[in-house]
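Q: give me coordinates for this.
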Amino acid sequence: MEILNRKARFDYFIEEEIECGIVLKGTEIKSIRNGSCNIKDSYAVIKKNEVYLLNAFIATYQEGNLFNHEERRTRKLLLHKVEIKRLKNKIELQGYTLIPLKIYLKNGRAKVLLGLCKGKKTFDKRESIKDKDLKRESQRAIKKSY
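A: Residues are numbered from 1 along each chain as shown. The predicted model follows:
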């Protein structure tokens with residue numbers, strides 16, 4: 001199961017992608033396996049040399065009675081210290097942001113693909129819309145020729 005953040009590629013220039021683990025409770029991993037998760041408005045921050053994922057929505061698990069989790073709680077991301085220091089320097093000095101691009105399962109464990117991003121201006125967004133339209137038109141033309 002793969003949960004994508006499609007808005008991230010439209011709103012940001014993605015400079016680098018980093019795969020990291022995420023600390024979850026039992027009912028959270030079951031909800032992710034069901035696909036009831038949303039990372040559209042989420043982002044990551046570095047506090048006390050640890051990375052945290054904020055505002056990620058993981059729906060409560062239907063069969064998880066008393067032990068259910070809070071839907072929008074702060075979740076810790078797992079990275080090496082060297083990677084965290086490098087990211088911290090880029091965020092502080094160069095004005096980057098950490099945005100989750102997707103959550104997926106790898107060997108039974110949930111992973112988060114973090115993007116080191118810079119925000120797009122409105123004219124950049126218009127340009128990406130034009131590029132998308134041109135690609136769509138060319139695909140239609142190719143399809144009609146067959």
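Q: tally of neighbours for Leu79?
A: Applying other C-beta atoms under 10 Å, we find 21 residues neighbouring Leu79. C-beta: built from backbone N, CA, C; applies to glycine.
Q: kindly report the same for the one 3 residues further on.
A: The burial count assigned to Val82 is 8, neighbours taken as other C-beta under 10 Å.
Q: then the helix or strand that contains it to CSV, C-alphas only?
A: Using DSSP states H and E, Val82 falls within helix 81-94. Extracted in CSV, the C-alpha atoms of helix 81-94 (Å, rounded to 0.1, in the frame of the first residue of the first chain):
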residue,chain,number,x,y,z
LYS,A,81,22.6,11.4,13.3
VAL,A,82,24.8,12.4,10.4
GLU,A,83,21.8,12.7,8.1
ILE,A,84,19.9,14.8,10.7
LYS,A,85,22.8,17.2,11.1
ARG,A,86,23.1,17.6,7.3
LEU,A,87,19.4,18.2,6.9
LYS,A,88,19.4,20.7,9.8
ASN,A,89,22.2,22.7,8.2
LYS,A,90,20.3,22.9,4.9
ILE,A,91,17.1,23.9,6.6
GLU,A,92,18.6,26.6,8.7
LEU,A,93,21.0,28.1,6.2
GLN,A,94,19.3,27.6,2.8
